[in-house]
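Engineer: missing the sequence, but the structure's below:
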């Protein structure tokens, strides 16, 4: 899940570099969300 979050974030950040930081941050949160939920 973390790898998928990062992969999607990097692709979207490449497409829209103006929002890169927000996209990378959200991708990281997406990947870590399962760690917090312990799934």
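Structural biologist: Perfect, thanks for sending it. As the structure is a prediction and not an experimental result, all values here were calculated from the model.
Engineer: which ones are touching residue 5?
Structural biologist: If a contact means C-beta atoms under 8 Å, 6 or more residues apart in numbering, then residue 5 has 27-32 as its contacts. C-beta coordinates here come from the backbone N, C-alpha and C atoms, glycine included.
Engineer: Which of these are buried, as a PyMOL select command?
Structural biologist: In PyMOL, this line selects whichever of the contacts of residue 5 come out buried by 16 or more other C-beta atoms under 10 Å:
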select buried, resi 27+30+31
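Engineer: ok, the contacts of residue 5 vs residue 8, which is closest?
Structural biologist: Nearest to residue 8, judged by C-beta to C-beta, of the contacts of residue 5 is residue 27 at 5.9 Å.
Engineer: Touching, the closest one and residue 14? I think so.
Structural biologist: No. Counting by C-beta atoms under 8 Å, residue 27 stays clear of residue 14, with 12.0 Å between them.
Engineer: picking up where we left off before, quick one: the contacts of residue 5 as CSV, columns for pLDDT, distance to residue 8 and secondary structure too.
Structural biologist: Putting the contacts of residue 5 into CSV (pLDDT from 0 to 100; distance: C-beta to C-beta, whole Å; DSSP: H, G, I helix; E, B strand; the rest coil) gives the following:
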residue, pLDDT, distance to residue 8, secondary structure
27, 89, 6, helix
28, 87, 11, helix
29, 87, 12, helix
30, 85, 8, helix
31, 80, 9, helix
32, 79, 14, helix
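Engineer: Take the contacts of residue 5 and write them to CSV, including distance to residue 3.
Structural biologist: As requested, those are exported to CSV (distance: C-beta to C-beta, whole Å):
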residue, distance to residue 3
27, 10
28, 12
29, 14
30, 11
31, 7
32, 12
